[in-house]
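Peer 1: need coordinates for the below:
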Amino acid sequence: LNRFQCSGTNSTVLKGISIVDTPGILSGEKQRTDRGYDFIGVLEWFAERVDRILLLFDAHKLDISDEFRRSIEALRGHDDKIRIVLNKADMVDHQQLMRVYGALMWSLGKVLGTPEVARVYIGSFWDQPLRYDINRRLFEAEEQDLFADLQSLPRNAALRKLNDLIKRARLAKVH
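Peer 2: Numbers count the residues shown, from 1 in each chain. A predicted model of the protein is given here:
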């Protein structure tokens, strides 16, 4: 935690929401680098306490490295909290986008091991102009859906906490 940073901003969208941005998932030889802490353990700890988990994929880099696969597997049991963001989707044309989306769903289906994959938001969530403009309306609609999902978190937080309490009480009752 010696590199942990915090920042704040005054935003009505973010009122009542805390966002934790973990370090990027490593791939290739970098996966063998020692982070100095139990990364998977930290993900599991946060997953138990958060209301939403966003997994980001770039449309032009879909590979799921071994570390990313282990990270996703660590989120099992919190499937209802997971949302997928297919970012920088404007970097591919609409035909390629369909292929990328299909490949992402196939890969996630193998890793998540659930009958239905989490909600996937498709867009270009960065400050660059769109490279391929043909999907602008789709990206705008997806962005609105994602923001609506995030804005609903404070309202749904109490219900989630109550459900977690009930789940823990049932587990205690069983033991």
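
Peer 1: what's the longest helix in the chain?
Peer 2: In the chain, taking DSSP state H as the definition, the longest helix is helix 153-174.

Peer 1: wait, what's in contact with the residue most central in space within the chain?
Peer 2: Geometric centre of the chain, nearest residue: Leu54, 1.7 Å, by C-alpha atoms, centre = their mean. Contact partners of Leu54, counting by C-beta atoms under 8 Å, 6 or more residues apart in numbering, are Arg83, Ile84, Val85. (Glycine included, C-beta is placed from N, CA and C.)

Peer 1: let me know the pLDDT of the last one.
Peer 2: What that stands for is Val85. The per-residue pLDDT reported for Val85 equals 93.

Peer 1: what packs against the helix or strand it falls within?
Peer 2: Element membership for Val85 (DSSP states H and E) is strand 82-87. The helices and strands touching strand 82-87, judged by 3 or more C-beta pairs under 8 Å, 6 or more residues apart in numbering; DSSP states H and E, are strand 53-58, helix 94-112, strand 119-122, helix 136-151.

Peer 1: what is the neighbour count of Leu153?
Peer 2: 17 (other C-beta atoms under 10 Å).

Peer 1: hmm, it is touching Arg52, no?
Peer 2: Yes. Proximity of Leu153 to Arg52 meets the contact threshold set by C-beta atoms under 8 Å, at 5.8 Å.

Peer 1: any buried residues in the least confident helix or strand in the chain by mean pLDDT, and which?
Peer 2: Within the chain, no helix or strand scores below helix 153-174, which has a mean of 82 by mean pLDDT, DSSP states H and E. Neighbour counts using 16 or more other C-beta atoms under 10 Å place Leu153 of helix 153-174 among the buried residues.

Peer 1: quick one: it to helix 136-151, angle?
Peer 2: 50 degrees (axes from the mean of the first three to the mean of the last three C-alpha atoms, to 10 degrees).

Peer 1: for helix 153-174, which helices and strands make contact with it?
Peer 2: Secondary elements touching helix 153-174 (3+ C-beta pairs under 8 Å, 6+ apart): none.

Peer 1: using CSV, write out the CA atom coordinates for it.
Peer 2: Coordinates of each C-alpha in helix 153-174 appear next as CSV, following Å, rounded to 0.1, in the frame of the first residue of the first chain:
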residue,chain,number,x,y,z
LEU,A,153,-25.4,2.1,-7.1
PRO,A,154,-26.1,4.4,-4.1
ARG,A,155,-29.8,3.5,-4.2
ASN,A,156,-29.1,-0.2,-4.5
ALA,A,157,-26.2,-0.3,-1.9
ALA,A,158,-28.5,-0.7,1.1
LEU,A,159,-30.4,-3.6,-0.6
ARG,A,160,-27.0,-5.3,-1.4
LYS,A,161,-25.8,-4.9,2.2
LEU,A,162,-29.1,-6.4,3.5
ASN,A,163,-28.8,-9.3,1.1
ASP,A,164,-25.2,-9.8,2.2
LEU,A,165,-26.3,-9.8,5.8
ILE,A,166,-29.0,-12.4,5.0
LYS,A,167,-26.5,-14.6,3.1
ARG,A,168,-24.0,-14.5,6.1
ALA,A,169,-26.8,-15.3,8.6
ARG,A,170,-27.8,-18.3,6.5
LEU,A,171,-24.1,-19.5,6.4
ALA,A,172,-23.8,-19.0,10.1
LYS,A,173,-27.1,-20.9,10.7
VAL,A,174,-25.8,-23.9,8.6
